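Colleague: Need coordinates for the following:
(4 chains, ligands or ions: 4)
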Amino acid sequence: QDLAPLNSDSEPDRMDWSELDAKFGALPAPAAGTKVAGVSKTLTNEYWRSLGDGYKNVADKLGVGFVYQAAANEGDQIGQLSIAEDLINQGFNAMLLSPQTDANLVPAVEKAKAAGIAVLNVNDAVIPSATNYVGNVQKDNGVRVAQWFIDNKADGGQVAVIEGQPGVYAAGQRTAGFTETINANGKFSVVASVPANWSREEAFNAASTILQQYPDLIGFYANNDGMALGVVEAVKAAGRADKVAVFGTDGVSDAYAAIRAGDLTGTVDSFPVLTGEIAMEVALRLAAGQKLPRVVATPQALITKDNVETYATTDMAALRATLTAK
Amino acid sequence: MSPVLTPFPLLQRIKFRDAGTLLGLLLIGGVFAVLSPTFLTAPNLLNVLQQSSINACIALGMTLVIISGGIDLSVGPVAALTAVLGASMMVAGVPFGLAVAGALCIGMLCGFINGALIAWGGLQPFIVTLGGLSLYRALALIFTGGQPIFGLPDGFRALTNGTLAGVPNPVVIVAVLAICAWVILNKTPLGEYFMAVGGNPEAARIAGVPVTLTKLAAYMISGLMAAVAAMILIGRLGAAEPTMGTLWELDAIAASAIGGASLMGGRGSIIGTLIGCVILGTLRNGLTLLNVQAFYQLLATGIIIIVAMLIDKATSGK
Amino acid sequence: MSPVLTPFPLLQRIKFRDAGTLLGLLLIGGVFAVLSPTFLTAPNLLNVLQQSSINACIALGMTLVIISGGIDLSVGPVAALTAVLGASMMVAGVPFGLAVAGALCIGMLCGFINGALIAWGGLQPFIVTLGGLSLYRALALIFTGGQPIFGLPDGFRALTNGTLAGVPNPVVIVAVLAICAWVILNKTPLGEYFMAVGGNPEAARIAGVPVTLTKLAAYMISGLMAAVAAMILIGRLGAAEPTMGTLWELDAIAASAIGGASLMGGRGSIIGTLIGCVILGTLRNGLTLLNVQAFYQLLATGIIIIVAMLIDKATSGK
Amino acid sequence: MIPRLSLSQIEKAFGAHKVLHGVSLTVQPGEVHGLLGENGAGKSTMLNILSGVLSADAGQIEIDGAQVTIASPRSASLAGVAMIHQELQQVPELSVAQNIYLGAALRRAGGLLVDRASQQTEARRLLAPLDASIDVTAPINSLRVAQRQIVEIAKALRANARVIAMDEPTSSLTPTEFDRLVEVIKALAARGVSIIYVSHKMDEVFRICQSATILRDGRLVARVDLPATPIPQVIALMVGRELSHVAHQSFASDQVLLQVSGLSRGRAVQNAAFSLHKGEVLGIAGLVGSGRTELLRLIAGVDSAEAGTVAVNGRPVASGVRARIKAGLGLVPEERKRDGIIRHRPVTSNIGLPAMRQFSRWGIIRRTKLRTRAEELMQEVRLRPFDVSKPIGSFSGGNQQKAIIGRWLAADTQIYLFDEPTRGIDVGAKAEIYDLIEKLAQQGKAIIVVSSELPEVIRVSDRVLVMREGRIAAELAASEITEANIARHAIPAS
Ligand SMILES: Nc1ncnc2c1ncn2[C@@H]1O[C@H](COP(=O)(O)OP(=O)(O)OP(=O)(O)O)[C@@H](O)[C@H]1O
Ligand SMILES: Nc1ncnc2c1ncn2[C@@H]1O[C@H](COP(=O)(O)OP(=O)(O)OP(=O)(O)O)[C@@H](O)[C@H]1O
Ligand SMILES: [Mg+2]
Ligand SMILES: [Mg+2]
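Modeller: Numbers count the residues shown, from 1 in each chain, chains lettered A, B, ... in the order given. Ligands and ions are numbered 1, 2, ... in the order given. Below you'll find the predicted structure:
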């Protein structure tokens, strides 16, 4: 069956993670000897480590064999492909792939499918030929932050975006979501939107320059938390912490700490551990032969000082409850 | 006076220097063979070769550039640019043979620009190709708006995904290219020119070597090889991405250096470079098979590269 | 025979070669000054200097290594390793003076390892430091488990975030280091050894230059400078990340090369390198001020680097 | 008397190739001792062992009766041994003074800083008796070869050594400079310094040496007293046979092959004009720095002329080395290491470089053909060791020179531009090269020979141009070629 190229943000065949149990019943017990492999972008970023923790939580709970690998660095596309290919020959039942780019794991996906392995594309880059995808809506990240500005800064003003690496899907979508939403409001102007390549240092430098150029700036949106924390330092160094709001993306632990401390205004948490659990559950359902919608959307939420304690839990059951209660 | 001129048995052709590199490879392979039962299986070994083929393709061109006393940091972005231009031609309906030819020409053109700035402009290779690293990447991103290009024709993809007598086509293609590179380096005047220009450019010039053309040729071949690598990769991936080829230059330089090329120019070997590529490929494959965690893979890679070089040094003397 | 030996007015010291680089900088600066009203303000110019200071710090060490005929690709990971080790000492309560001293020693130790493999092991600098690039990064990642380290003491952070007579402390620190490097290169026997070992290692050896020690010294200084850069950066960012310093080596090499250092060794200038750093810093600052879109920033960077080199070449002749 | 220096039973092999077979040598205090032998006999190797650049496989070194271990150049200089190396060992970007004090910088500020001022003063003092015109602050790569060689001599004088080994210190120098060196050497000897002197110029050796050790193929042949032993006997000991002295023979025709007119570049060469005939050997003499090298480089297209033309067979030739080579010109450069050889490449590749296309068929080099041709040519000039597949860098200086000359023979060049063709070449091979030049002339080629050795110019030339300060000061026909005549025109009327 020829699938239309996947667009995870707009695919109509989708469901929310919270409906899984209701629509498809409780997770069936995996067959004995089930093995699942996860291949993600890189372990140098907490997001991907947390995602792996989520995978492992479920795998351990259900006694499923689990291997988690990642490329040496973000951008090592062929390296990641090699890793995925090397794993295929080893008899896994399902693979959870978080590709570096939309295309770099395509041959592995094809090989895995041919070998009868259930393949699940987890978050971020989107493999167009993927039959199943689990992840959040990237664009929504930016939309939520823009919405916060619209809700909380009624007078509008100047804002700036610190982008991730040029050409990376998530960076493009997050920026687009933010910029489109805030421009539609009409009161805001995005005065700067510059790349900092996911680097805290480059974000710091870019923010220093922008702060100086725009004395009336009211806020920054950074495409990830590392860069946001760099921006926070630049804002503090410029002595404008009370006037400039800073938002990040991902919800890593340091971001939570910074929100608590009042340094970071907020972040869009996409709950990587929970996402990992959901992804592993979906993979096991697929391995068990269930037919699921093509996209399973995972939760995300804008975390600010007001709700930080609610979401700062390591108890995934509690977190699930909080999120579904909403 | 040695009376043996012809014929040369293959083993005699593998120089002493390359034997050291080979020993390094055998050692690494031996360790993995002991530790992982999967390692020494035919599909896995083919896998290693297939995975090494892209790097090998780039490294062949890089070796010639290095021998001629230069360096080419722009290979990754050149590959990306040729990939997106070639792919967009195919998607626009250009017969894929023509599109591939076009892509290869674009690769050579990029190489020509690098070479011209170096040979005529008299700039340092490092800085020119560092500029190219940004420039070609930017062109690829601007051309595509940062989007990957999907929908390559099946006929084209079949080329790169097929096998010949059980050997994946990319491996076959790279093997053929390696033979060409070997012939160029060892059998043609151009090869002599590469070594002369890299060894002593002033003496080469006085001896009538066309120094400028030689440098141009080296960078154009490197650009061409980047384009070939790009074609192989987009065929396999079924898509061309403007972000393709990140850090390819380091892998290719590493393979050349492991294979004995001196970054001071004038020295290097095609066979050594190929072995270097396979060493790097084997490393990644073996560590994945052993499920070594990413951080420790990095650690092992660093240590093994250095140890392999020490072994090589110790056995090959110089 | 020039009879003027002392005193040297500053301008006379800026060599012709450096004047070309300076002209490149002035041109780029001129363009930005016309396009953006903010560019030529004092705070912005200080900003440029401040932002260039990290790269300058690394590039100073790199220049000495390059002059001595080597290259150090491992600076970024060495910085990361010293950063996380230094930071964790501070967080564990070690007085920050001691922690900084410890970090600097670790930087030198890394440099020593590189230098030892190159000088005693006889390996190629490129491949050793490429191995180091993986190795030190892996150590930093393993030590921290990939997490950044927060909570650096305020006293320490005040050091790097303070100003001296209006000039940010990082700029002051790097200026002092630059003067030291300049003195070492131009006034001490070690400086002559760097030039000699890079310019003609054989002649240097025959003349009794301690070639091994000279190489060791170059890499140890480079390691030290990486550690200093790391300290400045973690002070400013308030966090030490194991992933810090990605691609720093390319920036530092680019700055040295723009400043006139030859990657073949034997040539380079501290003043040129500093100007090179400011050129790169200005580029980034100016493009941000003009809010140039990401892809076009990349394009501009590539083109400007090459054009600056062409101008430099045209004006400085050689 | 205890000898100042005694080397005994020195053995040395490079891989399987044994180059010294138990050679011994002794020198008394204040003695100037010659070390003689053909190219590749092992002279440089011997001295390199003495100066710590190479380590011997076996043998002993005693200085003033005490056994010393010389493991590095540094320990050699501590033991009081200094050496002038055959190949210039200089760091291009450093100044003359810095090069002289390389590895032994004069210091100030408690040893922390280099004392530039004193280094320059001292360098000037060292250079004064040799060539006072050298600017000690100039980077060494702005100097001409002859000046650089003088700097090398000064470098060896710096250390106040007890033993100074001089490996062909005058190969680029004219007799005038040699005269100055003689004074310096005499002064040194008077102070009791012992000198080992290697040279292929027999007149020099006979003028300054009191004794000599003769090597052949790495073996000690004899130790002789000089000048008591007659020259032919010394030469016979060196080459193992008698060299017959042939009188000059001319093959010049009337047909002009090369026409140079108005060639100029800065002050180095001003308005040079002359013609060269088929079968003619044209000598160019002049003092150091008179512009001979530059003139050849302009003709060969290596440097571009500011004015003037070069015509071959009446047709002007475009500028650029390649065009000139195509027109039949070939340059054997003065500075072999910098401008001549590709060190890591075998002799065959070095020889075949300009003619790679001729040695190729369908784009593929015919290695066998190239090798056969190279062997043929090298046999003629007696390359030693006779292995054309070895990297050229592993050959002795003189043998490298033979290969560079062979390069143009292989390319079938019509007009040979020889810049100091016998620099560093032994007497036997020198005679072979003279024969070769004669044979080329006989075949109708045209040859220009730039040489600082007047006997050489006189020996080979049909006609001589004398250069002075960038201009061709005189043209001497066959009958006028005498040392006195040349010297008269060469020396500027100050
Ligand atoms: N590094 C080396 N590797 C291999 N062989 C070498 C090396 N250096 C010298 N030889 C060989 O040792 C022999 C002696 O060389 P040496 O340079 O001592 O000769 P020489 O007497 O100084 O000759 P010349 O008069 O030409 O300078 C030669 O046959 C030469 O080829
Ligand atoms: N590299 C250089 N830098 C500056 N001046 C030079 C250089 N080379 C040559 N010259 C100038 O050119 C003139 C001619 O030098 P050239 O080397 O041609 O003389 P030569 O007669 O061949 O002397 P030599 O015996 O040194 O080879 C010299 O007077 C010198 O001033
Ligand atoms: Mg010799
Ligand atoms: Mg000359």
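Colleague: C-alpha from now on. contacts and neighbour counts both.
Modeller: OK.
Colleague: What is the helix or strand harbouring residue D:282 packed up against?
Modeller: Assessed by DSSP states H and E, residue D:282 sits inside strand D:281-286. Secondary structure elements in contact with strand D:281-286, counted by 3 or more C-alpha pairs under 8 Å, 6 or more residues apart in numbering or on different chains; DSSP states H and E, are helix D:292-300, strand D:446-450, helix D:454-460, strand D:463-468, helix D:483-490.
Colleague: Give me the contact list for that strand.
Modeller: By C-alpha atoms under 8 Å, 6 or more residues apart in numbering or on different chains, the surrounding residues in contact with strand D:281-286 are D:250, D:252, D:276, D:292, D:437, D:441, D:446-452, D:454, D:457-458, D:460-468, D:486-487, D:490.
Colleague: Then stretch B:27-45?
Modeller: Outside stretch B:27-45, the residues that touch it by C-alpha under 8 Å, 6+ apart are A:86, A:89, B:279, B:282, B:283, B:286, B:289, B:290.
Colleague: Looking at those, point me to the pair that's furthest apart.
Modeller: Farthest apart among the contacts of stretch B:27-45 by C-alpha to C-alpha are A:89 and B:279. That separation is 20.5 Å.
Colleague: ok, those two, which is more surrounded?
Modeller: Neighbours per residue, other C-alpha atoms under 10 Å in any protein chain shown: of residue A:89 and residue B:279, the larger number sits with residue B:279, 28 against 16.
Colleague: The more buried one against residue B:25, yeah?
Modeller: Yes: Residue B:279 lies in contact with residue B:25 (C-alpha atoms under 8 Å); the separation is 5.5 Å.
Colleague: re the thing from before, tilt between the strand holding residue D:282 and strand D:463-468?
Modeller: On the basis of axes from the mean of the first three to the mean of the last three C-alpha atoms, to 10 degrees, strand D:281-286 is oriented at 20 degrees to strand D:463-468.
Colleague: Adjacent strands (with direction) for strand D:281-286?
Modeller: Strand D:281-286 sits in its sheet next to strand D:446-450 (parallel), strand D:463-468 (parallel), going by DSSP bridges.
Colleague: ranges for the strands of the chain?
Modeller: No chain specified, so I'll use chain A. Here chain A has its strands, by DSSP state E, at A:14-16, A:35-42, A:65-71, A:94-97, A:118-122, A:133-135, A:157-163, A:188-195, A:217-222, A:245-250, A:266-269, A:295-297, A:301-304.
Colleague: look at chain B instead
Modeller: Assigned by DSSP E, the strands in chain B fall at B:149-150, B:163-164, B:167-168, B:239-240.
Colleague: quick revisit: select, out of the helices and strands packed on strand D:281-286, the one closest to residue B:232.
Modeller: Going by C-alpha to C-alpha, the one of these nearest residue B:232 is helix D:292-300, 47.3 Å.
Colleague: Can you give me the neighbour number for residue A:9?
Modeller: 17.
Colleague: Can you list phi and psi of residue D:95 for me?
Modeller: For residue D:95, the backbone dihedrals (degrees, to the nearest 10) come out as phi -80, psi 170.
Colleague: and the gap between it and residue A:105?
Modeller: Distance from residue D:95 to residue A:105, counting by C-alpha to C-alpha, to the nearest Å: 58 Å.
Colleague: Residue D:225 now?
Modeller: Going from residue D:225 to residue A:105 by C-alpha to C-alpha gives 83 Å.
Colleague: Now render the helices and strands packed on strand D:281-286 as TSV, adding mean neighbour count and mean pLDDT.
Modeller: TSV is the format used below for the helices and strands packed on strand D:281-286 (neighbours: other C-alpha atoms under 10 Å in any protein chain shown; pLDDT from 0 to 100):
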stretch	mean neighbour count	mean pLDDT
helix D:292-300	25	93
strand D:446-450	26	94
helix D:454-460	19	88
strand D:463-468	25	92
helix D:483-490	17	87
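Colleague: Would you reformat these as JSON lines and include distance to residue C:257?
Modeller: Listed next are the helices and strands packed on strand D:281-286 as JSON lines, based on distance: least, C-alpha to C-alpha, whole Å:
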{"stretch": "helix D:292-300", "distance to residue C:257": "31"}
{"stretch": "strand D:446-450", "distance to residue C:257": "40"}
{"stretch": "helix D:454-460", "distance to residue C:257": "47"}
{"stretch": "strand D:463-468", "distance to residue C:257": "42"}
{"stretch": "helix D:483-490", "distance to residue C:257": "46"}
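Colleague: got the ones you listed as a markdown table, with distance to ligand 2 columns?
Modeller: Below are the helices and strands packed on strand D:281-286 laid out as a markdown table (distance: least, C-alpha to the nearest ligand atom, whole Å):
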| stretch | distance to ligand 2 |
| --- | --- |
| helix D:292-300 | 3 |
| strand D:446-450 | 8 |
| helix D:454-460 | 13 |
| strand D:463-468 | 8 |
| helix D:483-490 | 10 |
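Colleague: and residue A:186, which of these is closest to it?
Modeller: Residue A:186 lies closest, by C-alpha to C-alpha, to one member of these: helix D:292-300, at 72.8 Å.
Colleague: one step back: next, the buried residues of the strand holding residue D:282.
Modeller: Going by neighbour count (16 or more other C-alpha atoms under 10 Å in any protein chain shown), the buried part of strand D:281-286 is D:281, D:282, D:283, D:284, D:285, D:286.
Colleague: for stretch B:283-290, same thing?
Modeller: Those would be B:283, B:284, B:285, B:286, B:287, B:288, B:289, for stretch B:283-290 by 16+ other C-alpha under 10 Å.
Colleague: with those in mind, which one is nearest to ligand 1?
Modeller: Using C-alpha to the nearest ligand atom, residue B:283 is the member of the buried residues of stretch B:283-290 that lies nearest ligand 1, at 36.5 Å.
Colleague: What residues sit buried inside stretch D:350-364?
Modeller: D:350, D:351, D:352, D:353, D:354, D:355, D:356, D:357, D:358, D:359, D:360, D:364.
Colleague: which residues sit in contact with the second one?
Modeller: Residues counted as contacts of residue D:351 (C-alpha under 8 Å, 6+ apart) are D:374, D:403, D:404, D:406, D:407, D:408, D:410.
Colleague: now do the last one
Modeller: Residues near residue D:364 by C-alpha under 8 Å, 6+ apart: B:187, B:188, B:189.
Colleague: Which secondary structure element is home to residue D:97?
Modeller: Per DSSP H and E, residue D:97 falls inside helix D:96-100.
Colleague: Just the CA coordinates for that helix, please, in PDB.
Modeller: C-alpha atoms of helix D:96-100 as PDB (Å, rounded to 0.1, in the frame of the first residue of the first chain):
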ATOM      1  CA  VAL D  96      70.000  36.000   9.300                       C
ATOM      2  CA  ALA D  97      70.900  36.700  12.900                       C
ATOM      3  CA  GLN D  98      68.200  34.400  14.200                       C
ATOM      4  CA  ASN D  99      69.400  31.700  11.900                       C
ATOM      5  CA  ILE D 100      73.000  32.100  13.100                       C
END
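Colleague: Wondering if it reaches ligand 2 at all.
Modeller: No: interface with ligand 2: helix D:96-100 contributes nothing (C-alpha under 6 Å from any ligand atom), its closest point being 13.3 Å away.
Colleague: What average pLDDT does that helix get?
Modeller: For helix D:96-100, mean pLDDT is 92.
Colleague: same thing with stretch A:170-187?
Modeller: Averaging pLDDT along stretch A:170-187 yields 91.
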